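In: could you look at this predicted model? Sequence included:
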Amino acid sequence: MIADTIDRIAPLVPRERIRIITGAKLAPAILEAVPGLDRAQLMVEPEAKGTAPALAWAAHAIAREEPDAVMVSLHADHVIQPAEEFRALIADTAELAARLDRLFTVGVRPTRPETGFGYIHVGERIARTPEAFDVADFVEKPDRDTAREYLARESYLWNSGIFIWRVQVLLAQLEQYTPELAALLPLLDGGDPGPFFERAPMLSIDEGLLEASPNVAVVQASFEWDDIGSWDAVGRRREADEGGNVAVGDVYAVDAEHCIAWAEEGSVVLFGTRDLVVVRTAGLTFVVPRDRAAELKELLNRLPDRLRRLEPPDG
C-alpha cells in the first residue's frame, strides 16, 4: 500500500520530493516495497508520539530546505479511486494553500453511518475551485444513532486525515496553539530527532492543533475514499463466505456469522459465534465484538506496554 500511495501522487510530486515518516521496524520493508527510493527520504521516528510531533518534524525539515513549500500529508492505509480526481483535488488545494493562511483537510461525503471515523461540521464557503469551506467543528467518532443523523445531513463530512498546508503556516499555528510542542522544535536543528521525540507529548494533530485553530478549512473530495486501517475495513474489503465471515490465514468457521478472523500464526476456530473480530498474532489472541472494534485506541491505552507492542508474555 505504501507503493500504491507513492504511485498515486507521483505524477503530481517528483519522486525525490517525497518523504516517508515511519518507524525503524518498517523502514527495511518500505525500501524493499518501493524500488529506487533513497534511504534519505525516510524520516524514521525514534519513537511513536502521534501525528502532531511527526508532522511538526516534517514541516520543520521541509522549511529548512524550502521555506515557502506546500506540504501534503497522506496515509498509506487509504484506498482512493480514481487517482486522477485525487491528484486534481490535491493540485487545486495546494494552489489555494499557497495563497491562504489556512490549514486544509480533505473531507469525504459519508456513504454509511460509520462510527470509526471522525467527522467535520462544514461552515461557510471560502472558495469554489476547489469546493472549500471553513471548518465549523471537528466531531469525535460518534455513536451509531449520531452517525445516522450525520449521514442524512449534507453539512457533515468524514475527516479523511489528508492535509495540505504551507509549512510556515503550520509552524506558525503550532507556535500559537500548541506551544508545548512548538517550543521543542529547536531541538531538531542539530539533525538528530531523538531529543525532540524524547520530550514531545503524545498528541494527534487533530486534538493538538486543528480542533483549537480557527484557521482550518476543508475541501470536499470528489473521489471515492476508504480508510482500511481498521478491522471493520478488513470486512469491507475482503471477500466473505456464505455466512458473511471474512477469514485470513488458517481459519475455520462453523455456524458462525459476520465475523472477521485473522490468523498470522496457528489456527482460529469459530463455532456458534456472531459479529466478532478474532485476531491471532505474535503470541497474542485478541477478541472483540465487531461493533466495538473502532474503540481499539481506548483499549490500547489501558493495556500494559508488553501487550500494546504485541509482545508475547513471559514463558
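Out: Alright, I've got the coordinates.
In: run me through the strand neighbours of the helix or strand in which residue 133 is found, direction for each.
Out: Take DSSP states H and E as the rule and residue 133 turns out to sit in strand 132-139. Strand pairing for strand 132-139, using DSSP bridges, gives strand 119-127 (antiparallel), strand 216-220 (antiparallel).
In: which of those sits most buried?
Out: Neighbour counts (mean count of other Cβ atoms under 10 Å) averaged over each of these peak at strand 216-220, with a mean of 24. Just so you know, the C-beta spots here come from the backbone N, C-alpha and C atoms, and that holds for glycine as well.
In: tell me the mean pLDDT for the very next helix or strand once past that one?
Out: Once the chain leaves strand 216-220, the next helix or strand it forms, by DSSP H and E, is strand 224-227. Throughout strand 224-227, pLDDT has a mean value of 87.
In: returning to that earlier point: in the helix or strand following the strand holding residue 133, which residues are buried?
Out: Beyond strand 132-139 on the C-terminal side, the first helix or strand identified by DSSP H and E is helix 144-152. For helix 144-152, a neighbour-count test (16 or more other Cβ atoms under 10 Å) marks 147, 150 as buried.
In: what's downstream of helix 144-152, the next helix or strand?
Out: Later in the chain than helix 144-152, the nearest helix or strand by DSSP H and E is strand 156-166.
In: any idea how far that following strand is from the chain center?
Out: Computed by Cα atoms, centre = their mean, to the nearest Å, the chain-centroid distance of strand 156-166 equals 10 Å.
In: circling back to that earlier point, okay if I get the strands paired with strand 132-139 as CSV plus mean pLDDT and distance to residue 76?
Out: Output for the strands paired with strand 132-139, formatted as CSV (pLDDT from 0 to 100; distance: least, Cβ to Cβ, whole Å):
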stretch, mean pLDDT, distance to residue 76
strand 119-127, 94, 22
strand 216-220, 96, 21
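In: export these to CSV and tack on distance to residue 60?
Out: Output for the strands paired with strand 132-139, formatted as CSV (distance: least, Cβ to Cβ, whole Å):
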stretch, distance to residue 60
strand 119-127, 26
strand 216-220, 20
